[in-house]
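Asker: Using only what follows, build the 3D model:
(2 chains)
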Protein chains: 2
Amino acid sequence: MRKRLSVVEYTKGILSGDRVVLSRAITVIESKLDSDKVLAKQILREILPFSGNSIRIGITGVPGVGKSTFIETFGKHLTSLGKRVAVLTIDPSSKRSGGSILGDKTRMETLSNDSLAYIRPSAARLSLGGVADNTRETMLLCEAAGFEVIIIETVGVGQSEILVHGMTDFFLLLMLAGAGDELQGIKKGIIEMADVLVINKADGANQNIAEEAMGTYRNALHLSPKSASGHITQVVTASGLEGKGIPELWNMISDYQKLTSDNGYFIRNRQSQNLDWMHERIRQALESAFYENSVIKRSIPEIEKLVREETELPVVAAERLLALFLTKKSEEPI
Amino acid sequence: MRKRLSVVEYTKGILSGDRVVLSRAITVIESKLDSDKVLAKQILREILPFSGNSIRIGITGVPGVGKSTFIETFGKHLTSLGKRVAVLTIDPSSKRSGGSILGDKTRMETLSNDSLAYIRPSAARLSLGGVADNTRETMLLCEAAGFEVIIIETVGVGQSEILVHGMTDFFLLLMLAGAGDELQGIKKGIIEMADVLVINKADGANQNIAEEAMGTYRNALHLSPKSASGHITQVVTASGLEGKGIPELWNMISDYQKLTSDNGYFIRNRQSQNLDWMHERIRQALESAFYENSVIKRSIPEIEKLVREETELPVVAAERLLALFLTKKSEEPI
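Answerer: Numbering: from 1, shown residues only, chains lettered A, B, ... in the order given. The predicted model follows:
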């Protein structure tokens, strides 16, 4: 293990925008070592007052929709305006030790060489309830390091879009034109969460069907209720490859930030995201304490057998296990 | 409160198919009184060995799809074949004391007068995680009372379809033909859960567009992976009003029952539903114990405030609350 810095060194490095220190601090946050967990908490407490000054943008879409190219072009547009941009990816398929479908080094080469940009694939622990705590905390570090736009990227697998929606201010769904898209690939709830649907690859021969798809989705969304943010979900076309539609998209996001800051939704939404995050952690910790309790571990196979065979009611079996946990729980740490 | 019978009286009454006793037993199961909870558990333990001998059919669809008429016609077809049919409804909008959009007495009048049918609106407690325990247990009582087909009906609100899918053997989704259906009303995941999509109201002038919709959905489903049951999701048209397609539908369900009994899926699925039910109960009980703990109740407003204002990290706040719970929990019942 590489030598750790002191809390003060991490904090000073992050606040001065030193990306080597930032990267090392993120490594501490992602670490499973108990000593690192203590250190991570100390770093986070120090930088917390300097976090939050950003617009957090979630970007998702099915594989093949052109996310990397889109984010590279979008990111370059932002840095051309002098904005500091951090791109974090949540990859539900990656293992901490193994490879990652999002994190390979060859992606977003131009953007990663840009001095105003910072790209970090997140080794997301999509545990039980699926909270990617690392990504949330990495986001805070990036904000403290002065990044004004945080892009959180994910593929549309499992619960990952819901996670990303729960930690961002603005949610962008990349789509492809083409028959069948309505019923496959994109989950219904995801469209409802989006602040903008972007029909990507609206270039060359694709232009016409992209425009058509835009019309279809506009009609469909017409029936959706207005969002609590006061923003009406938009449908646009864009080309990550050619850059078409990208400046307009950034203007829309800036308008959104202004609108929701003025009407108070921006801060309300972040506050409720923080609360949700806390309650999700509580839920996870309670379940871990239960299922990792040695008495429960010993008893559960037999009780599960009775339930499976329908010789015991599930509710009664649950009560029996809870009673065991109750009598034993004070002996073990939660 | 009406006088309760003895456990033996309830058990004998249910096993002999006495529907007055059955109804009174269901009332005990739905009761919130502690004494009734004990009684309910005793009744359930007695009848458990006699439950399970049925096909459990979940039926859902958006309001206006014609569920009542469909179920009435479907139920009458089953009773005409000599089958004993119980219809239970889960209504997420109902309050125990108040009205119910599904449970009003004027619905399914013909079926409710049929001596082979039993209709019971369930006062579903869709709590926290949304488990309708009452409905599951009511189903067991109905089975012990000799009902061979159990229909669980719900409207497509919130998590109710997922709940019903989790307690049934066969899942039937009622749909309407017509533009926009694909994107509105029906949640994407629901279509994937269905064993059959029934385009209802395929009568009169509607016939043609129903056939068209059937084709569209068949094409769309063509891309879906095969289910673990070995059954391939079907798309059919039917008319609850005229009875068209109803006998064929019952034949399909009978074939499904035979197929999945032979290949072992039927029993495997029920076993895993029982386990899920137990774990869901455990989850709920752990959260109740936590949030109803007096120390937590006292501490949570202040800690939530810190989290909302971003002066405390959500994960750290969660840890503080868990530590409080840990030191205090042995003093209170879980």
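Asker: ok, and the closest non-adjacent residue to residue A:320?
Answerer: residue A:303 (6.4 Å; CB to CB, 6 or more residues apart in numbering or on different chains). In this view, the C-beta of every residue, glycine as well, is placed from N, C-alpha and C.
Asker: Would you check how far apart the residue of chain A most remote from its centre and chain B are?
Answerer: The centre of chain A is farthest from one residue, residue A:311, which by CA atoms, centre = their mean lies 42.9 Å away. According to CB to the nearest CB, to the nearest Å, residue A:311 and chain B sit 8 Å apart.
Asker: Tell me the spacing between the residue in the stretch 1-150 of chain A positioned nearest to chain B and residue B:297.
Answerer: In the stretch 1-150 of chain A, the residue that lies nearest chain B is residue A:44 (5.6 Å; CB to the nearest CB). Residue A:44 sits 27 Å away from residue B:297, going by CB to CB, to the nearest Å.
Asker: of the two, who's got more company?
Answerer: residue A:44 (22 against 11; other CB atoms under 10 Å in any protein chain shown).
Asker: Now the more buried one: phi and psi?
Answerer: phi -60, psi -40 (degrees, to the nearest 10).
Asker: distance of it from residue B:316?
Answerer: Distance, residue A:44 to residue B:316, using CB to CB: 8 Å.
Asker: any idea how far residue A:249 is from residue B:153?
Answerer: Residue A:249 is 45 Å from residue B:153, by CB to CB.
Asker: same check, this time on residue A:54
Answerer: 48 Å.
Asker: quick one: contacts for the residue farthest from the centre of chain A?
Answerer: residue B:48 (CB atoms under 8 Å, 6 or more residues apart in numbering or on different chains).
Asker: That one in helix, strand or coil?
Answerer: coil (DSSP: H, G, I helix; E, B strand; the rest coil).
Asker: cool, residue A:2 as well?
Answerer: Applying three-state DSSP: residue A:2 is coil.
Asker: Assess the claim that it and residue A:28 are in contact.
Answerer: No. Residue A:2 is beyond contact range of residue A:28, at 10.0 Å (criterion: CB atoms under 8 Å).
Asker: Show me which of the two is the more surrounded one.
Answerer: Applying other CB under 10 Å to residue A:2 and residue A:28 shows that residue A:28 carries more neighbours, namely 23 against 7.
Asker: Please, where are all the strands along the stretch 51-200 of chain A?
Answerer: A:55-61, A:85-90, A:117-122, A:149-155, A:170-175, A:196-199 (DSSP state E, counting those that start in this stretch).
Asker: hey, what's residue A:55 bridged with?
Answerer: Beta-bridge pairing for residue A:55 (DSSP bridges): residue A:149.
Asker: and the gap between it and residue A:290?
Answerer: 39 Å.
Asker: Give me the more crowded residue out of these two.
Answerer: residue A:290 (22 against 19).
Asker: residues contacting that one?
Answerer: For residue A:290, the contacting residues are A:296, A:325, B:282, B:286, by CB under 8 Å, 6+ apart.
Asker: pLDDT and distance to residue B:149 added to these, as a markdown table?
Answerer: Shown next, in a markdown table, are these (pLDDT from 0 to 100; distance: CB to CB, whole Å):
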| residue | pLDDT | distance to residue B:149 |
| --- | --- | --- |
| A:296 | 94 | 38 |
| A:325 | 88 | 39 |
| B:282 | 93 | 31 |
| B:286 | 92 | 36 |
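Asker: Tell me which of those residues fall in strands.
Answerer: When these are checked against strands (DSSP state E), there are no matches.
Asker: Give me the subset of those residues lying in helices.
Answerer: A:296, A:325, B:282, B:286 (DSSP state H).
Asker: So residue A:295 is in contact with residue A:326, correct?
Answerer: No. Counting by CB under 8 Å, residue A:295 does not reach residue A:326; the two are 10.1 Å apart.
Asker: Look up how far residue B:47 lies from the nearest residue to residue A:114 once chain neighbours are set aside.
Answerer: Using CB to CB, 6+ apart and skipping the chain neighbours, the partner closest in space to residue A:114 is residue A:79 (5.1 Å). Distance, residue A:79 to residue B:47, using CB to CB: 69 Å.
Asker: Would you mark the buried spots in the helix or strand hosting residue A:47?
Answerer: Take DSSP states H and E as the rule and residue A:47 turns out to sit in helix A:34-47. Residues of helix A:34-47 classed as buried: A:36, A:39-44, A:46-47 (neighbour count, 16 or more other CB atoms under 10 Å in any protein chain shown).
Asker: average model confidence for that helix?
Answerer: Averaging pLDDT along helix A:34-47 yields 93.
Asker: One more: stretch A:85-93?
Answerer: Stretch A:85-93 comes out at a mean pLDDT of 80.
Asker: Kindly report the same for stretch A:235-254.
Answerer: 96.
Asker: returning to that earlier point: now for the residue nearest to residue A:114: which residues touch it?
Answerer: A:85, A:111, A:114, A:116-117.
Asker: quick one: which of these has the most company?
Answerer: Within these, neighbour counts (other CB under 10 Å) peak at residue A:85, which reaches 26 neighbours.
Asker: who's in contact with the nearest residue to residue A:76 once chain neighbours are set aside?
Answerer: Excluding the flanking residues, the one nearest residue A:76 by CB to CB, 6+ apart is residue A:111, at 6.0 Å. Residues near residue A:111 by CB under 8 Å, 6+ apart: A:71-72, A:75-76, A:79, A:85, A:87, A:117, A:119.
Asker: need those residues in JSON lines with distance to residue B:164, can you?
Answerer: Output for the contacts of residue A:111, formatted as JSON lines (distance: CB to CB, whole Å):
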{"residue": "A:71", "distance to residue B:164": "40"}
{"residue": "A:72", "distance to residue B:164": "45"}
{"residue": "A:75", "distance to residue B:164": "45"}
{"residue": "A:76", "distance to residue B:164": "49"}
{"residue": "A:79", "distance to residue B:164": "51"}
{"residue": "A:85", "distance to residue B:164": "45"}
{"residue": "A:87", "distance to residue B:164": "41"}
{"residue": "A:117", "distance to residue B:164": "48"}
{"residue": "A:119", "distance to residue B:164": "44"}
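Asker: what's the closest of these to residue B:262?
Answerer: residue A:71 (50.4 Å; CB to CB).
Asker: The closest one: neighbouring residues, count only.
Answerer: 24.
Asker: now residue A:304
Answerer: Quick note: residue A:304 (other CB under 10 Å) scores 18 neighbours.
Asker: Nearest residue to it in space, please, no chain neighbours.
Answerer: residue B:275 (6.0 Å).
Asker: can you tell me which residues contact residue A:18?
Answerer: So residue A:18 contacts residue A:145 (CB under 8 Å, 6+ apart).
Asker: now it: how far from residue A:52?
Answerer: 20 Å.
Asker: got it, and residue A:140?
Answerer: From residue A:140 over to residue A:52 (counting by CB to CB), the distance is 8 Å.
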